[in-house]
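[1] When you get a sec, could you give me coordinates for this:
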Amino acid sequence: KCLECGKSFSISFNLLKHQRIRTGERPCTCGECGKSFSRSSHLICHQKIHTEEGLSKGPKCGKRPFCCTNCGKSFNQNSNLIRHQCIHTGKRPYKC
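    Numbering: from 1, shown residues only. Now for the predicted structure:
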């Protein structure tokens, strides 16, 4: 259970991910450029931009080729990436 907001999680890793979002903790750092990420999977996705393949084809994250340049999270559709980027910009395009 998150001590900040009270949200409960059945899987401890999900609580850890949630807490890192709240605190801004980014323990996974790229040795090439110094950019940091909250999850190792985001770092791995990001690191592909530093390779020959990444430079010639753009970042590819397995079956999720659309990667967020802010946090490294990857998506299978560009529309999902665009929606996700609102987290970083603070935009709220949808109204209740």
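[2] just for this structure, where's the confidence low?
    Residues of the chain that meet the criterion pLDDT under 70 lie in 52-63, 93-94.
[3] which secondary structure elements does the lengthiest helix in the chain contact?
    Counting by DSSP state H, the longest helix found in the chain is helix 12-23. Other helices and strands packing on helix 12-23, by 3 or more C-beta pairs under 8 Å, 6 or more residues apart in numbering; DSSP states H and E, are absent; none qualifies. For the C-beta atoms, the positions are set from N, CA and C on the backbone; glycine is no exception.
[4] Mind telling me what element the closest residue to residue 1 other than its chain neighbours is part of?
    Nearest residue to residue 1 in three dimensions, chain neighbours excluded: residue 8, at 4.8 Å (C-beta to C-beta, 6 or more residues apart in numbering). Using DSSP states H and E, residue 8 sits in no helix or strand.
[5] Show me what the longest helix of the chain is in contact with.
    1-2, 4-5, 7, 9, 25-27, 38-39 (C-beta atoms under 8 Å, 6 or more residues apart in numbering).
[6] got a winner among those for most neighbours?
    Within these, residue 38 tops the neighbour count with 21 neighbours, counted by other C-beta atoms under 10 Å.
[7] Please report how far that residue lies from residue 71.
    Residue 38 sits 7 Å away from residue 71, going by C-beta to C-beta, to the nearest Å.
[8] How about residue 23?
    For residue 23, the distance to residue 71 - C-beta to C-beta - is 14 Å.
[9] Look at the two and report which has more neighbours.
    residue 71 (21 against 10).
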